[in-house]
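Undergrad: below are the sequence and a predicted model; questions follow.
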Amino acid sequence: MTKIALLFLMITPGLAAGQVVNTDSLRRVERAAIDRDRTQGASAAAIFLSRARPAAERLAAVRGIAAFAEQQQVDGAVAVALDSAEPVAIRVRALQLAGGRAGVDTTFSRRLFALATDRATSTDLRNEAVTQLAFAMFGSAAMHAQLDAFLQTLRAAARDPEIRIRRTALRALAGYGDGPALTLLQEGLLSPQAALLPPAEAVQLLGLKDPAPFYELLRRLMREPPDSTTRVAAIRLLGGDTQSRDALAHVLRDVRESPTPRQAALGALAAGDPAGLPQNVVPVVADEAAPSDLRVRAIKAVEITRTSRDPRVFARAPDEFDRVMERLAARSAAAAVQAAAKTYLVRTRAPR
Amino acid sequence: MTRTSWRTAAPTLLLLVAQCARPAVPTRPAEPLARVELQIDNTATQADDYVPAGTSTPARIRLLNPTEFTVPVPVTLKNLDFQPAPQLVFATSGTPSAATLDLTLPFDGSWVPFAVAGGAGQASRRDKDAVIEILERRPDGIVLGRKALMIAKSTPIGPPPWRVEIEVGGVETIDDYVAWRPVPARIRFAAAPGGGPDVPVIVRNMAPTTAGRLVFLVPPAAPATTLNLTLPRNGSWVSFFLAGDFGHPSATDKDAVLEVVRVADTQLLGREAVMVRVRKNANSLTTDERDRFLYAIARLNLGLGNYLVHQQIHAVTSSQGHGGPAFLAWHRPYILRYERELQAIDPSVALHYWRFDQAAPTIFATNFMGGPPSGGQATFDATNPLAAWTIEGFTGIPRNPGYAPGQSPTAFGISTETATLAMGGAGNIYSAFRNMEGNPHGFIHGLTGGGGWIGSVPTAARDPLFFMLHANVDRLWAKWQWLYGRDDETSTASYDPLGAYTAPCVFTRRLGQNADDHMWPWDGTTGFVTPGDPCTQRPPVAPGGALPAAIGGWGPPVIPRPRDVLDYDRWRLLGSTGLGYGYDDVPYAQTTPP
């Protein structure tokens, strides 16, 4: 039962017909719950922030608390996190409890820059510091105020000996299309000994914001991949590459290919060449031996592309794809394909 | 500022509402929205909105704002998508047989006749469950209205001449979507025997109650599920307000039906159908709600690419919408525009939210927003409309949540709802509460992205989950506002900084962050608004133009300021246009909280 339903039950036990929920009562109940949490949070914070208590007790006190809400408690957590005399586990937890402070407090974020790149400190603490900075990269005030410092810190963390730290840093940087980070990823794909992440992951991050500068490398990875996962990742990113269209169409139609790259090629063609999609997928959807999941996805992709605000808006003469749909709607060995074809016809060619 | 209950001010406002012309509501920049009226049996009363199957009933449709057009408006009449039955059929004349009908509305406002009937063998299961959709027929066509009727051999309305006419908002039906905030309505006798006294009537929900339920009021009385009115026999209008009954939102379009009965003998005089449309917890949607939502999203993106402008805006929003006081106020109209675009495709869809402080296994599933990732990509059923997701030349949705579908993100450091609502501190002030931009907001972006689009500002809006995430951010703000009465644009407890930007430059008070500043991109500014002043620097482009005003007239100004969006349900100004949305668990504020 949802919380709101429970609240209704609490405040409306005798609600007669015609009466409506008393929202003032509802507000009182909600505020009381928040106040209760505040009180509990204050008690937990008092224990956690007390250096005199055993670490186990301090950690137990904040079990289940994601982050402190009150500024005074957050201030305390920040002090603990930065105190090198505190046990590592306590400092890591304090960083978590300080929540988004790294995004609003430039002094604190500067301290985290140092912590994140201090290889002498524990891996867990470095990792948490990088995580906090990576999350603060989502448009926070501190990030806007000192963008260069954020980028420099994360670029340094991208070369950390610990892969989870490298991963966190590179993920944050790739989303912004950070040049030095993308160069590191590219170098790792060209030279495996320089790789900071597994190749499939590196490919995905390389093209996260804009894959166009890397089309040549991606084409090569599609032809000569280090593994099948990397190949699929490369195929997905080649939708916008006109030079790759024929190769993608070939992958889509090649019955020797496994379903995953064919599905990736379908998506890439839908993204890069929606107008040509019906023609590209006709041989696949018409092929009763092709995987029905792939055929249904192909039909759906064309249906959505052809369904604007309303089917009749795009009134057009039936093409080969429509004729194949008519045939499949009437008869197909795959029930899912037949159903998809019927839906396609209903939604794109409703009777006028 | 001492705040006055709307109950005190409402009678005056009620009068004002009755006198005011409705605002022009363009949905596309510089273009008017076609407002249309559709009548069954060629009368404005709903008493004859009952059509038998297989037998023609005359009907007509016209443009209500013809002076705004210089060319005819092509429309298509059709049944609703996702509505298997009952189905209507149409014809320009003669016996209706077609499932759709193309018409052209003259720009002199004259009526265009047509005929409607229930499809062969079709019958309604309840009143108002057969719906005509009026669609503007153009590449970026939008739904202009939905008229509910019943396929039945006979009418449940009492014998003539007693006939009432009911209007919710205006005469058009596109504004017949209400949330918890009361909206104006009115009723009158379209026909009644003359010579007698005024007639007492009751306005109430149709029984048996379906999912959507309404409350009614004439201020200063409190809302109730029934309302006693007295209707003059001379046809004068009687105004009242109606709203969704909190806790009883609609599940489908037109499932909230109000009816009018005569007090003396409980004779049914008329019925009208609306929808109590609110943003719901997406993890608890019905299959039908989920599918309509997904289909609208996919069509917005892959039909004509209108989705793209939202990505283009967010990709370059930089410090306009992030890292400052206007974070919440900027995203409110931004996601409202997205919701309005979805509603132009399907008016019954709302921007449902993802409660990211709870496990959401229904949302993170292959038949909804995507299951556990494979190869770094969210996974989808073949029949999920999002399975064919493409944007900016990309395919699929890169997303690697740091939690499993059955796990709550709070186990990974995301603030709980109560902790977030406590962030305003003991004084519950905005300048403290807005720190929620870090945790939960920034943290849930990062934790959910994991190297996927939603984890970074330039790419986040490519993932449609983004808008559900931000609906929840907005809901948390709305809930905080309701809990502590923080929607007063004159108080720094509700928004800080007040006033407008003035030099010298202080980054936290840069242009766009102050309550009276117009916000980018809707104001169209780019680059340095004041040469040499870094606090006035806007992004290099302003995609999308001014905010399209909301269908139905409920919405912020087309160039909103933070102050315009604080009081999203305008509880202190009954009769004004609120922003026209609500959340399933955030009530309309009936009183000032202590």
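TA: That came in fine, so what should we check first?

Undergrad: what residues does the spatially closest residue to residue B:233 that is not a sequence neighbour make contact with?
TA: Leaving out its chain neighbours, the residue that sits closest to residue B:233 by Cβ to Cβ, 6 or more residues apart in numbering or on different chains is residue B:192, at 4.6 Å. Yep, even glycine has a C-beta here, placed from its N, CA and C like the rest. Residue B:192 makes contact with B:161, B:162, B:163, B:199, B:231, B:233, B:235, according to Cβ atoms under 8 Å, 6 or more residues apart in numbering or on different chains.

Undergrad: rebuild those as a markdown table, extending it with distance to residue B:70 and neighbour count.
TA: Shown next, in a markdown table, are the contacts of residue B:192 (distance: Cβ to Cβ, whole Å; neighbours: other Cβ atoms under 10 Å in any protein chain shown):
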| residue | distance to residue B:70 | neighbour count |
| --- | --- | --- |
| B:161 | 41 | 10 |
| B:162 | 42 | 20 |
| B:163 | 36 | 20 |
| B:199 | 44 | 19 |
| B:231 | 40 | 21 |
| B:233 | 42 | 16 |
| B:235 | 34 | 12 |
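
Undergrad: tally of neighbours for the closest residue to chain B within the stretch 151-300 of chain A?
TA: Of all residues in the stretch 151-300 of chain A, the one sitting closest to chain B is residue A:175 (2.3 Å; Cβ to the nearest Cβ). If you count neighbours by other Cβ atoms under 10 Å in any protein chain shown, residue A:175 ends up with 29.

Undergrad: ok, the closest residue in space to it that isn't next to it in sequence - contacts?
TA: Among residues not flanking residue A:175 along the chain, residue B:456 sits closest, at 2.3 Å (Cβ to Cβ, 6+ apart). Counting by Cβ under 8 Å, 6+ apart, residue B:456 makes contact with A:137, A:138, A:172, A:174, A:175, A:176, A:208, A:209, B:445, B:449.

Undergrad: for residue 103, phi and psi?
TA: Since you didn't name a chain, this refers to chain A. With angles defined as degrees, to the nearest 10, residue A:103 shows backbone torsions of phi -90, psi -10.

Undergrad: look at chain B instead
TA: Main-chain dihedrals, residue B:103, degrees, to the nearest 10: phi -130, psi 160.

Undergrad: next one: residue A:86
TA: The phi/psi pair for residue A:86 (degrees, to the nearest 10) is phi -80, psi 150.

Undergrad: for the nearest residue to residue A:167 once chain neighbours are set aside, give me the pLDDT.
TA: Closest residue in space to residue A:167, ignoring its immediate chain neighbours: residue A:197 at 6.1 Å, by Cβ to Cβ, 6+ apart. We note a pLDDT of 97 for residue A:197 in this prediction.

Undergrad: residue A:197 and residue A:208: what is the separation?
TA: Taking Cβ to Cβ, to the nearest Å as the measure, residue A:197 and residue A:208 are separated by 12 Å.

Undergrad: and residue A:247, by the same measure?
TA: Using Cβ to Cβ, residue A:247 is found at 22 Å from residue A:208.

Undergrad: OK, contacts around residue B:152?
TA: With contact set as Cβ under 8 Å, 6+ apart, residue B:152 has these partners: B:50, B:51, B:52, B:123, B:124.

Undergrad: of the residues you listed, which belong to helices?
TA: Among these, none falls in helices (DSSP state H).

Undergrad: most surrounded residue in those?
TA: The most neighbours of any of the contacts of residue B:152, using other Cβ under 10 Å, belong to residue B:51, which has 29 neighbours.

Undergrad: can you pull the phi/psi pair for the closest residue to that one other than its chain neighbours?
TA: Nearest non-adjacent residue to residue B:51, counting by Cβ to Cβ, 6+ apart: residue B:57, 4.3 Å away. Dihedral pair for residue B:57: phi -120, psi 130, per degrees, to the nearest 10.

Undergrad: residue B:57 bridge partners, please.
TA: Legend: beta-bridge partners of residue B:57 under DSSP bridges are residue B:116.

Undergrad: wait, what's in contact with it?
TA: Going by Cβ under 8 Å, 6+ apart, residue B:57 touches B:40, B:41, B:51, B:115, B:116, B:117.

Undergrad: phi, psi for residue B:203 please.
TA: Main-chain torsions, residue B:203, degrees, to the nearest 10: phi -100, psi 130.

Undergrad: neighbours around residue B:201, how many?
TA: Neighbourhood size, residue B:201 [other Cβ under 10 Å]: 24.

Undergrad: and the gap between it and chain A?
TA: Residue B:201 sits 16 Å away from chain A, going by Cβ to the nearest Cβ, to the nearest Å.

Undergrad: ok so that residue is a strand residue?
TA: Yes: judged by DSSP: H, G, I helix; E, B strand; the rest coil, residue B:201 forms part of a strand.

Undergrad: show me what the longest helix seen in chain A is packed against.
TA: As assigned by DSSP H, the longest helix anywhere in chain A is helix A:23-48. On a contact count with 3 or more Cβ pairs under 8 Å, 6 or more residues apart in numbering or on different chains; DSSP states H and E, helix A:23-48 meets helix A:3-11, helix A:55-61, helix A:71-81, helix A:88-97, helix B:417-421, helix B:465-484.

Undergrad: nearest to residue A:322, of these?
TA: Evaluated over those, closeness to residue A:322 peaks at helix B:465-484, with 33.0 Å, by Cβ to Cβ.

Undergrad: hmm, residue B:143 and residue B:345 touching each other?
TA: Yes: in terms of Cβ atoms under 8 Å, residue B:345 counts as a neighbour of residue B:143; the distance is 7.0 Å.

Undergrad: got the contact list for the nearest residue to residue B:44 once chain neighbours are set aside?
TA: Using Cβ to Cβ, 6+ apart and skipping residues adjacent in sequence, the residue nearest residue B:44 is residue B:165, 5.0 Å away. Counting by Cβ under 8 Å, 6+ apart, residue B:165 touches B:44, B:45, B:46, B:187, B:188, B:189, B:190, B:270.

Undergrad: so what's whichever residue of chain B sits closest to chain A closest to, chain neighbours aside?
TA: Closest to chain A within chain B is residue B:438: 1.7 Å, counting by Cβ to the nearest Cβ. The shortest distance from residue B:438 to any residue other than its chain neighbours is 1.7 Å, reached at residue A:100 (Cβ to Cβ, 6+ apart).

Undergrad: what sits against that neighbour?
TA: Residue A:100 touches A:67, A:135, A:136, A:140, B:435, B:436, B:437, B:438, B:439, B:441, B:442, B:443, counting by Cβ under 8 Å, 6+ apart.

Undergrad: for these, give me JSON lines that also has pLDDT and secondary structure.
TA: Formatted as JSON lines, those follow (pLDDT from 0 to 100; DSSP: H, G, I helix; E, B strand; the rest coil):
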{"residue": "A:67", "pLDDT": "88", "secondary structure": "coil"}
{"residue": "A:135", "pLDDT": "92", "secondary structure": "helix"}
{"residue": "A:136", "pLDDT": "91", "secondary structure": "helix"}
{"residue": "A:140", "pLDDT": "85", "secondary structure": "coil"}
{"residue": "B:435", "pLDDT": "91", "secondary structure": "helix"}
{"residue": "B:436", "pLDDT": "93", "secondary structure": "helix"}
{"residue": "B:437", "pLDDT": "93", "secondary structure": "helix"}
{"residue": "B:438", "pLDDT": "91", "secondary structure": "helix"}
{"residue": "B:439", "pLDDT": "91", "secondary structure": "helix"}
{"residue": "B:441", "pLDDT": "95", "secondary structure": "helix"}
{"residue": "B:442", "pLDDT": "94", "secondary structure": "helix"}
{"residue": "B:443", "pLDDT": "94", "secondary structure": "helix"}
